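**Student:** Starting from these lines, generate the structure:
(one chain, ligands or ions: 1)
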Amino acid sequence: MPPKTRTASKIQPVHREFGGIPGSFVLITTLPWLVIFLMTAASNGSIPFDGPGLKALLEDTYSHVYTSILDIAAYKAYVCWWTGLAMMRVIIPCRKFDGLPNRDGSVLTYNLNALTSLIILCIVLTLRGFATSWQLPELQFLYDHLFGMAIAAIFFSIAQAVWVYLYSFRSSKPLLAAGGDTGSVIYDFYIGRELNPMIGSFELKVFNELRPGLILWIMINLAMCHHQFIAYGKVSSGLILVTLMEGFYVLESLYNEDKVLSTMDVVSDGFGFMLSFGDLALVPFTYSLQAQFLTDRPEIELSFFEIAAIAALQAIGYIIFRKTNSQKDWFRHLTPAERKASGYKFIKSPTGRSLLADGWWGYSRHINYFGDWLMAWSWCLAAGVSGLKSRVCLFYVIYFAVLLIHRERRDDEKCANQHKQAWTEYKKLVPWRIIPYVY
Ligand code: NDP
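**Tutor:** Okay, here's the model as predicted:
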């Protein structure tokens, strides 16, 4: 699709997602507050529904912002974190992997070594643990400066989004994201104007997607376990379980780093506020809400039956998530002859990329989202009944449902435009969007 010009936008209304310019403005201005609000609720223990309770929570949120906004140590630590990971990406030996061809035919080669970076960090942390009798100052710092780190991550993500937006206007005319060049400063800043901003040969989008945020999420969970151990002499079953389950999810994502190259974020979305803020601030500081809630509530314990049921739910979710994504990946790499010989039902598309209408992809059109959502449930349930009653620990599962429903609709529209009649045929064969026979 050719980039839209200002002249074209006057003749034809430009299609904008997320509620267009007003929607993007609201998201840009409220999401940073939401992160601090939720963290405050996790620390206080609940999101009250009554007026005075909510007012008190909002006052606490402002108070956290005022006391942490000048936490210079946190800003320094955050910048070291981001740049340290960037340096690891450059220095550590890596696998080279080609991304999918862009719409102008160009192909980016990525340096993949996220898992090695995580392993090195874990080894360093373990050695530090032995050296300090498991009183790790780094993890204690993260607990003590959690709000400062969140504010630093928010500012860093905004600064990065401003920079990539301005940089996208450079004279060498970089490849813009289809849909990221509508002519509105607010909307284009939000959705991301340039498809793959680079600093020299350093690619920013996939780096942000997998490292500073995802790994920090795990570090925050570990910091919450460490704090509970130091302060209360134990780590509760729910906190261990949620740390293990989310740790597994991140480890698995980093192990399958190449798989991210075919996701919507990488293939079609530009890099702007949405991804910069989402990757750096929203993911680590709100996906870890369960651990933040549990750390100072050591009395919350799960029974053996609860642990087994939650672990089973995570396992079922994971199997669906991984099998579905791998099956699509496998199918997409088959030659036309192999596709025919596979025995799987598929639909030929004018794009040349056939649609699998069988196996997992015969149950629903985004069965992979269902698996991911089941895992989200298991993480929320690990906070126990009190966690669910607090409403804070339910945030992730509700937010994720909204994200996946919206994402499915965006993808549906994109696929309808690309695959034309083939997509209509696929929708007839597989009518369910995410959950078979339900939605
Ligand atoms: P998908 O991996 O589902 O990719 C969608 C693309 O796959 C479509 O645009 C189309 O691309 C292709 N496709 C769709 N249907 C078929 C089919 N039947 N046969 C072959 N190809 C098909 O989407 P996402 O990038 O949204 O998600 C990737 C994973 O990341 C998911 O498991 C999701 O749950 C997870 N995720 C997790 C998030 C989190 O915060 N934890 C956030 C977002 C996603 P094409 O144009 O090539 O045809």
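
**Student:** Looking at the stretch 201-350 of the chain, which residue is nearest the ligand?
**Tutor:** Thr263 (3.2 Å; C-beta to the nearest ligand atom). C-beta: built from backbone N, CA, C; applies to glycine.

**Student:** Model confidence at Ser43, what's the number?
**Tutor:** On the pLDDT scale, Ser43 is placed at 96.

**Student:** correct me, but it touches Leu294?
**Tutor:** No - taking contacts as C-beta atoms under 8 Å, Ser43 lies outside contact range of Leu294: 11.3 Å.

**Student:** Let me see the residues that make contact with the host helix or strand of Lys428.
**Tutor:** In the assignment (DSSP states H and E), Lys428 maps to helix 421-429. By C-beta atoms under 8 Å, 6 or more residues apart in numbering, the surrounding residues in contact with helix 421-429 are 345, 347-350, 354-355, 357, 362, 365, 415-416, 419.

**Student:** now do 10 Å
**Tutor:** Under the criterion C-beta atoms under 10 Å, 6 or more residues apart in numbering, residues 345-351, 353-358, 361-362, 365, 412-417, 419, 433 lie in contact with helix 421-429.

**Student:** now stretch 134-146
**Tutor:** 39, 42-43, 64, 68, 71, 73-75, 77-78, 81, 124-126, 128-129, 132, 148-149, 151-152, 216, 219-220, 222-231, 285, 288, 292, 295-296.

**Student:** in that stretch, what's buried?
**Tutor:** When burial is assessed from 16 or more other C-beta atoms under 10 Å, stretch 134-146 yields the following buried residues: Leu136, Glu138, Leu139, Phe141, Leu142, Tyr143, Asp144, His145, Leu146.

**Student:** cool, and stretch 180-189?
**Tutor:** Under 16+ other C-beta under 10 Å, the buried positions of stretch 180-189 are Gly180, Asp181, Thr182, Ser184, Ile186, Tyr187, Asp188, Phe189.

**Student:** quick one: the helices in the stretch 301-439 of the chain?
**Tutor:** Ranges of helices within the stretch 301-439 of the chain are 304-332, 336-341, 367-381, 384-389, 395-419, 421-429, based on DSSP state H, counting those that start in this stretch.

**Student:** model confidence over stretch 133-146, on average?
**Tutor:** pLDDT averaged over stretch 133-146 gives 95.

**Student:** follow-up on the earlier one: winner for burial among the helices of the stretch 301-439 of the chain?
**Tutor:** Counting by mean count of other C-beta atoms under 10 Å, helix 367-381 has the highest mean neighbour count of the helices of the stretch 301-439 of the chain, with a mean of 22.

**Student:** Whether that helix contacts the ligand - can you check?
**Tutor:** Yes - contact of helix 367-381 with the ligand is found when judged by C-beta under 6 Å from any ligand atom, involving Asn368, Tyr369, Asp372.

**Student:** That helix to helix 395-419, inter-axis angle?
**Tutor:** Interaxial angle, helix 367-381 versus helix 395-419 (axes from the mean of the first three to the mean of the last three C-alpha atoms, to 10 degrees): 170 degrees.

**Student:** Mind giving me the packing neighbours of helix 367-381?
**Tutor:** helix 237-255, helix 289-294, helix 304-332, helix 384-389, helix 395-419 (3 or more C-beta pairs under 10 Å, 6 or more residues apart in numbering; DSSP states H and E).

**Student:** Let me have the ones you listed in JSON lines, extended by mean pLDDT.
**Tutor:** Below are the helices and strands packed on helix 367-381 laid out as JSON lines (pLDDT from 0 to 100):
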{"stretch": "helix 237-255", "mean pLDDT": "96"}
{"stretch": "helix 289-294", "mean pLDDT": "97"}
{"stretch": "helix 304-332", "mean pLDDT": "94"}
{"stretch": "helix 384-389", "mean pLDDT": "90"}
{"stretch": "helix 395-419", "mean pLDDT": "93"}
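
**Student:** The residue in the stretch 51-200 of the chain positioned nearest to the ligand in helix, strand or coil?
**Tutor:** Among all residues of the stretch 51-200 of the chain, Leu100 sits closest to the ligand, at 7.4 Å; criterion: C-beta to the nearest ligand atom. Three-state call for Leu100 (DSSP: H, G, I helix; E, B strand; the rest coil): coil.

**Student:** The one 5 residues further on too?
**Tutor:** When classified by three-state DSSP, Gly105 comes out as coil.

**Student:** now it: how far from His333?
**Tutor:** Here Gly105 is placed at a distance of 19 Å from His333 (C-beta to C-beta, to the nearest Å).

**Student:** now swap in Lys389 and tell me
**Tutor:** Separation of Lys389 from His333 (C-beta to C-beta): 47 Å.

**Student:** Over to Ala309?
**Tutor:** From Ala309 to His333 the distance is 37 Å (C-beta to C-beta).

**Student:** Just give the number of residues close to Phe255.
**Tutor:** Careful, residue 255 is Tyr; it's not Phe. 12 (other C-beta atoms under 10 Å).
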